[in-house]
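next input, structure requested:
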Amino acid sequence: MPLPTIEAPRNEPEDGDLVRRASAGDVGAFEQLYRRHAGKVHGAIWRLSGMNPARAEDLTQEAFVRAWQKLGSFRFESAFSTWLHRLAVNVALMDLRKRHPEEPVDDSALEAASEPVHAFCAGERSDLERAVARLPPRARAVLVLHDVEGWKHEEIGRELGMAVGSSKAQLHRARGLLKRALGETHE
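Residues are numbered from 1 along each chain as shown. Sure thing, here's the model as predicted:
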């Protein structure tokens with residue numbers, strides 16, 4: 001059964017109409033796009049920034065400034081939300097690259113990650129979020145991009161400037177560190 005599509009309420013313009021108006025200089029149209037998409041953009045950036053509220057807010061604002069600047073390059077080949085989300089993730093990844101140089105992979109963490117992380121109930125969500133926030137930045141980025149955002153290792157490797165094998169190793173590392181951290185909090 002196909003998933004239902006979410007459409008803008010009939011009294012609100014579609015994203016495409018708002019993008020066209022905003023590209024022509026209509027600041028109000030861009031404000032509507034901001035209000036419509038800021039929550040999702042902020043959520044992705046918040047996870048990538050290690051759940052640092054101030055950093056996530058700064059990067060969210062930076063993402064929307066860049067979106068405004070690059071709006072003319074949007075070609076309507078995908079949904080505006082997809083384009084914006086990718087732009088925002090790239091802003092967060094550029095920040096990650098500037099702040100955290102390549103980290104060595106801890107072999108003991110890779111060995112500890114031999115089993116997948118178990119599913120979480122709602123009560124464990126805050127523990128999981130805290131554990132993700134404490135992951136080393138590149139491991140956290142790979143985990144969020146792969147397991148939350150649904151990116152493939154090839155895409156992650158291109159964006160983070162690492163080999164596909166390194167992306168897989170970082171994901172394995174992140175899962176192992178999560179397993180260890182969550183095992184300690186739930187024993």
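
what domains does the record give for this protein?
Domain ranges of the chain: 15-99, 107-185, per automatic domain parsing.

could you dump these to TSV with mean neighbour count and mean pLDDT?
C-beta coordinates here come from the backbone N, C-alpha and C atoms, glycine included. Output for the domains of the chain, formatted as TSV (neighbours: other CB atoms under 10 Å; pLDDT from 0 to 100):
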stretch	mean neighbour count	mean pLDDT
domain 15-99	17	92
domain 107-185	17	77
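
so the residue nearest the centre of the chain versus residue 27, what's the distance?
Nearest to the mean C-alpha position of the chain, counting by CA atoms, centre = their mean, stands residue 44 at 3.5 Å. Using CB to CB, to the nearest Å, residue 44 is found at 24 Å from residue 27.

list the contacts for the residue nearest to the centre of the chain?
85, 88-89, 92, 144, 148-149 (CB atoms under 8 Å, 6 or more residues apart in numbering).

tell me the contacts of residue 28?
By CB under 8 Å, 6+ apart, the residues touching residue 28 are residue 21.

pretty sure residue 140 sits against residue 133.
Yes - taking contacts as CB atoms under 8 Å, residue 140 lies within contact range of residue 133: 7.5 Å.

which SS class is residue 13?
Of the three states, residue 13 takes coil under DSSP: H, G, I helix; E, B strand; the rest coil.

pull the contacting residues for the nearest residue to it once chain neighbours are set aside.
In space, and not counting its chain neighbours, residue 13 is closest to residue 32: 7.3 Å by CB to CB, 6 or more residues apart in numbering. Residues in contact with residue 32 (CB under 8 Å, 6+ apart) are 12-13, 18.
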